[in-house]
Structure formats: C-alpha cells, structure tokens
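> Build me a model:
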Amino acid sequence: MRIVNIISYVLVILGAINWGLFGLFNFNLVSSVFAGARTAGSIIVYSIIALAALWLILSPFITDGVLWLKNRRTEN
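Numbering: from 1, shown residues only. Have a look, this model is predicted:
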C-alpha cells in the first residue's frame, strides 16, 4: 500500500502543476503532450490523476487514519 500512496502523491502533484501552469500562463501541459484536451490520452491521464486524488482521500479511512509513506516499524 505504501507504493500506491507514493504514486498517488506524485500524480496529484503533477496534476497540481498542470493546474498551476494553466492558471498562470494559460498553458495546459497534458493537452499539449496529447495534442488536445479531449483526446483519449488526455482523458486517461486526467482520470488517473482523479483516481489518485480519490485514493489519497479514502486511504486514511481504510487504514485506521494513517497514510503510510514509509515501512512500518515494529517495536519489540
């Protein structure tokens, strides 16, 4: 689950960078990479970023309020 959390964080950060570029410079990075905002590639990327954001919202509820980003240590 740790790797899923890290990948989700990276995807959400990339989505935030895209929104920042769009808001400041009217430049949509995803649209420019996939040659349009409504192409199949763009829709897939937007959907994956949205799923990553939903995972980061729901993950603490699934794991008793903890969002794991590193391995758990057991104390003896």
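
> What about Gly41, how many residues nearby?
Using other CB atoms under 10 Å, Gly41 has 13 neighbouring residues. The C-beta positions use only the backbone N, C-alpha and C, and glycine is treated the same way.

> Likewise for Gly36?
14.

> My guess is it contacts Val30. True?
No. Gly36 is beyond contact range of Val30, at 9.7 Å (criterion: CB atoms under 8 Å).

> Mind listing the shared neighbours of those two?
Ser42 (CB atoms under 8 Å, 6 or more residues apart in numbering).

> Show the pLDDT at Thr63.
If you check Thr63, the pLDDT there is 77.

> Pull the contacting residues for it.
Contacts of Thr63 by CB under 8 Å, 6+ apart are Met1.

> That one and Ile13, how far apart?
21 Å (CB to CB, to the nearest Å).

> likewise Ala52?
From Ala52 to Ile13 the distance is 10 Å (CB to CB).

> Among those two, which residue is more densely surrounded?
Neighbour count, other CB under 10 Å: between Ala52 and Ile13, Ala52 has more, with 21 against 12.

> The more buried one contacts Ile7, doesn't it?
Yes. At 7.1 Å, Ala52 counts as touching Ile7 under the criterion of CB under 8 Å.

> Kindly tell me how buried Asp64 is, as a neighbour count.
6.

> do the same with Ser32
12.

> Tell me which stretches of this structure form helices.
Counting by DSSP state H, the chain has helices at residues 2-25, 29-33, 40-62.

> quick one: low-confidence parts of this protein?
Scanning the chain for pLDDT under 70 picks out the ranges 67-76.

> Can you tell me how far Ile43 is from Gly36?
From Ile43 to Gly36 the distance is 10 Å (CB to CB).

> Equivalent analysis for Leu11, please.
21 Å.

> how many neighbours does Phe25 have?
8.

> again, but for Ile6
13.

> now swap in Val12 and tell me
16.

> for Ile49, same thing?
Residue neighbour count, defined by other CB under 10 Å, stands at 20 for Ile49.

> list the contacts for the closest residue to it other than its chain neighbours?
Nearest-residue entry for Ile49: Gly15, 4.0 Å, with adjacent residues in sequence omitted and distances by CB to CB, 6 or more residues apart in numbering. With contact set as CB under 8 Å, 6+ apart, Gly15 has these partners: 49, 52-53.
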